[in-house]
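Okay, sequence plus prediction incoming.
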Amino acid sequence: MKNFILSCCSTVDLSEEHLKKLDINYVCFHFSLDGKQYDDDLGKTMSYENFYKALKSGAEPKTSQVNVSEFINYFTPFLESGTDILHISLSSGISGAYNSAVIAKEELSAKYPERKIYIVDSLCASSGYGLFMDKLASLRDEGKNIEEIYNWANKNKLKLNHWLFSTDLSYYVKGGRISKAAGFIGSILRICPFIYVNAEGKLIPVAKPRSKEKAMEELLKRMEENAIGGLEYNDKCYICHSDCLDDAKKVASLIENKFKNLNGKVLINSIGTTIGSHSGPGTVAVFFWGKERN
């Protein structure tokens with residue numbers, strides 16, 4: 001019988017029902033809209049529809065990570081009940097939550113020396129992070145112990161590929177990733193920035209397709225080049241989107257038609273409020289197991 005929990009941050013961008021089915025616990029990031037504070041709680045406090053509607057109406061989002069004291073408060077009940085913890089954190093390349101979790105672990109390990117607390121920097125984000133957690137839950141259900149899963153996670157996390165594009169450049173301008181001039185010209189030319197997550201868990205632009213259709217073609221090309229087995233890929237594929245479900249459905253259909261051996265249908269998720277505060281509307285991302293990121 002297992003005596004540990006699998007844990008993650010709410011930025012896995014899976015539904016609460018999905019996490020319950022996997023028996024995975026989560027701790028919430030936070031966000032604000034025009035000064036009002038909310039928990040990033042998988043769409044319970046604010047639906048994704050209302051969140052993106054607010055962004056399109058001009059609301060200014062800000063996000064905050066889970067701090068040390070919040071991690072301590074979150075971890076403590078598990079430790080007090082005699083349960084060990086394997087917590088997988090959002091990528092350190094885009095958040096400081098991993099460092100906060102490590103500091104909390106150090107404080108709690110001194111207080112609960114008989115308990116095991118493992119923290120993993122996933123180097124993943126959004127539903128790629130979610131797909132990673134899905135795999136770890138499968139290993140747990142196969143009977144792997146906490147040390148085996150911890151070691152597997154660190155050895156294999158860079159094999160989780162993340163590829164994405166955006167049709168809305170405004171949040172790239174707001175976030176300082178591109179200049180206002182570049183954003184203006186890019187919008188006229190219908191450029192859709194094409195991005196991947198590198199080995200440091202950071203977002204790296206790699207191409208500038210000049211249309212949504214060409215960006216989708218690029219996604220299919222990158223998946224064929226990088227997925228384990230190429231066109232014979234037989235594992236799971238997740239997609240997430242920020243208020244552009246039709247685009248996500250189109251990409252899912254293209255993938256299912258091209259990769260005939262997928263493990264089930266492509267799962268489409270919404271980009272949550274933390275990641276969505278930085279991506280804005282119009283982003284589609286694809287996640288699969290493939291070549292190790294570099």
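Arrived safely.

Tell me where the stretch 1-150 of the chain has helices.
Under the criterion DSSP state H, counting those that start in this stretch, the stretch 1-150 of the chain carries helices at the ranges 16-22, 48-56, 68-80, 97-111, 126-141, 146-156.

Which one of these lies nearest to Pro193?
Nearest to Pro193 among the helices of the stretch 1-150 of the chain is helix 126-141; the distance by C-beta to C-beta comes to 15.9 Å. Quick note: C-beta positions are derived from backbone N, CA and C, even for glycine.

same for the closest one, what does it pack against?
strand 4-9, helix 16-22, strand 84-89, helix 146-156, strand 160-166, strand 237-241, strand 267-270, strand 283-289 (3 or more C-beta pairs under 8 Å, 6 or more residues apart in numbering; DSSP states H and E).

is it true that Lys212 touches Ser166?
No: applying C-beta atoms under 8 Å as the test, Lys212 and Ser166 come out as separate, 9.7 Å apart.

any shared contact partners between the two?
Cys192 (C-beta atoms under 8 Å, 6 or more residues apart in numbering).

So which of the two has more stuff around it?
More crowded of Lys212 and Ser166, by other C-beta atoms under 10 Å: Ser166, with 24 against 19.

Spit out the contact partners of that one.
Counting by C-beta under 8 Å, 6+ apart, Ser166 makes contact with 172, 192-193, 195, 279-280, 282-284.

ok, the residues you listed vs Pro61, which is closest?
Sorting these by distance to Pro61 puts Gly280 at the head of the list, at 8.9 Å, by C-beta to C-beta.

domain ranges for this structure?
4-158, 159-289 (automatic domain parsing).

Export those to JSON lines and append columns for mean pLDDT.
Rendered in JSON lines, the data for the domains of the chain read as follows (pLDDT from 0 to 100):
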{"stretch": "domain 4-158", "mean pLDDT": "97"}
{"stretch": "domain 159-289", "mean pLDDT": "88"}
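
roughly how far is stretch 148-168 from the heart of the chain?
Taking C-alpha atoms, centre = their mean, to the nearest Å, one finds the center of stretch 148-168 at 9 Å from the center of the full chain.
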